[in-house]
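Asks: Sequence and predicted structure are below.
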Amino acid sequence: MKIALKVDVDTLRGTLEGVPALLELYQRYGVKATFLFSLGPDHTGRALRRIFRPGFFSKVQRTSVVSHYGLKTLLYGTLLPGPHIGRRAGDIMREVEQAGHEVGIHCHDHIRWQDFVANRNADWTRKEMQTAIDVFQKIFGHQPAVHGAAGWQLNKHALQLEQQLGFRYASDCRGQSPFIPQMDGETFDCPQIPTTLPTLDELLGRNGITEANVHEAVFAASRKPAAAGHVYTLHAELEGMKLLPVMEKLLQLWQQAGDDIGTLADYAEELDTAILPCHELVWGQVEGRSGVLAVQGQKIE
């Protein structure tokens with residue numbers, strides 16, 4: 001089975017601590033991953049606006065948010081000013097690419113994008129994406145090839161901009177297989193490579209799943225048939241820190257099974273975009289996660 005590793009890096013702490021830990025782990029196991037960076041201010045504390053979203057409190061209780069993110073991070077953007085991640089951690093980001101991993105864009109301001117993009121217009125969306133691209137180019141010296149929307153949140157303007165701004169593929173949604181996206185009746189050229197596997201924060205604390213056995217649940221999900229393979233989204237703040245042992249156990253299981261572990265770029269190389277099916281991108285719920293996300297909808301004939 002092909003397994004693409006997509007690392008979402010949401011916070012300054014995740015960049016400074018989680019990313020180096022994952023680099024060391026991946027070097028030991030000889031695997032490469034795609035790292036998608038939040039490049040602007042860390043405003044994690046503003047996520048408290050979500051307190052009235054159904055399922056928010058249950059997720060916070062299940063996943064021990066404070067122990068994973070740290071109190072200081074949870075105050076950024078409220079009682080503490082939000083540090084600029086790109087300026088503070090550009091050297092670490094460059095180390096990722098120098099180690100042979102793929103790098104791309106998650107967002108500029110994670111909380112701002114995740115909480116507002118669904119209802120924003122083309123100008124707002126372009127400003128957010130272009131600002132992220134500008135920081136990315138300053139850090140890496142080249143154009144990004146991949147975009148992965150923060151919180152699996154987007155709008156049709158983001159899809160249009162992905163094709164206009166030169167992204168070769170994107171991983172903005174949840175789904176089952178790669179596809180050409182259609183949203184609000186418009187079809188967009190930039191292929192979507194959706195996350196197919198559940199994330200740790202969606203599994204922990206549910207159905208008897210704990211930190212001791214959650215790797216088994218993810219591995220079992222990765223055994224489900226998938227013609228193009230699976231995409232596993234992990235977080236530098238979880239698998240790169242307190243849950244690093246879970247990531248190592250997963251690597252061991254996948255390698256013992258003979259799976260091909262790699263980047264989204266590796267995954268995309270084997271896709272024939274000329275024959276990819278077109279699917280709607282719709283809003284839907286994912287078990288274990290609060291609110292609605294962009295998900296792969298029905299096939300367009």
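Replies: Yep, that arrived.
Asks: just the strands in the stretch 201-301 of the chain please.
Replies: 230-235, 260-262, 278-284, 293-299 (DSSP state E, counting those that start in this stretch).
Asks: Just name the most buried of these.
Replies: Ranked by mean neighbour count, the strands of the stretch 201-301 of the chain are led by strand 230-235 with a mean of 23 (mean count of other CB atoms under 10 Å). All C-beta atoms are positioned from the backbone trio N, CA, C, and that covers glycine.
Asks: Relative to that one, what are the paired strands and their orientations?
Replies: Sheet pairing of strand 230-235 (DSSP bridges) gives strand 2-9 (parallel).
Asks: how about the helices in the stretch 1-150 of the chain?
Replies: 12-13, 19-29, 56-63, 65-69, 71-75, 85-98, 110-116, 122-140 (DSSP state H, counting those that start in this stretch).
Asks: what's the closest of those to Gly229?
Replies: Gly229 lies closest to helix 19-29 among the helices of the stretch 1-150 of the chain, at 18.0 Å (CB to CB).
Asks: Would you map the helices across the stretch 201-301 of the chain?
Replies: 214-221, 244-256, 264-269.
Asks: want to throw those helices into JSON lines with mean neighbour count?
Replies: Below are these laid out as JSON lines (neighbours: other CB atoms under 10 Å):
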{"stretch": "helix 214-221", "mean neighbour count": "18"}
{"stretch": "helix 244-256", "mean neighbour count": "18"}
{"stretch": "helix 264-269", "mean neighbour count": "19"}
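Asks: Out of those helices, flag the one nearest His157.
Replies: Taking the helices of the stretch 201-301 of the chain one by one with CB to CB, helix 264-269 is closest: 22.4 Å.
Asks: Can you pull out the residues in contact with that closest one?
Replies: 2, 4, 6, 32, 34, 102, 104, 145-146, 168-169, 171, 178, 191, 193, 228-229, 231, 260 (CB atoms under 8 Å, 6 or more residues apart in numbering).
Asks: Kindly list the single helix or strand of this protein that scores lowest on mean pLDDT.
Replies: Taking mean pLDDT, DSSP states H and E as the measure, the helix or strand of the chain with the lowest value is helix 56-63, at a mean of 47.
Asks: And the nearest residue to Ala21 once chain neighbours are set aside, what's its pLDDT?
Replies: Using CB to CB, 6 or more residues apart in numbering and skipping residues adjacent in sequence, the residue nearest Ala21 is Gly240, 4.9 Å away. Note for Gly240: predicted pLDDT of 98.
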